[in-house]
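In: no sequence on this one, just coordinates:
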């Protein structure tokens, strides 16, 4: 079973989202992590500067890295039009 950690910057950005978006993202992450291999729902990113993988949740993208094969570290989370511009 995978665990989730948020980087401080990702947590701060996530807390500013509307409540309904927060709930939708959390429910989708719980679904992904309840699967035997959540990485089948992830896409590997071509620019490792941003992060290694991303989940798609509607119009939002959750960029993350794997830490010790058991922990998903959320590096960034934002709307799809803004996430890759940093």
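Out: Arrived safely, thanks for sending. The model shown is predicted, which means the values in this text are computed figures rather than measured ones.
In: After the helix or strand bottoming out on mean pLDDT in the chain, which helix or strand is next? Please name it.
Out: Least confident element among the helices and strands of the chain, by mean pLDDT, DSSP states H and E: strand 3-6 (a mean of 93). Later in the chain than strand 3-6, the nearest helix or strand by DSSP states H and E is helix 8-15.
In: List the buried residues in that next one.
Out: Judged by neighbour count using 16 or more other Cβ atoms under 10 Å, the buried positions of helix 8-15 are 10, 13, 14. Any C-beta I mention is one placed from the backbone N, CA and C, and that applies to glycine too.
In: for stretch 30-45, same thing?
Out: In stretch 30-45, counting by 16+ other Cβ under 10 Å, buried: 32, 38, 42, 45.
In: Pull the residues that contact that stretch.
Out: 1, 2, 4, 51, 52, 53, 54, 55, 56, 63, 64, 72 (Cβ atoms under 8 Å, 6 or more residues apart in numbering).
In: Alright, that wraps it up for me.
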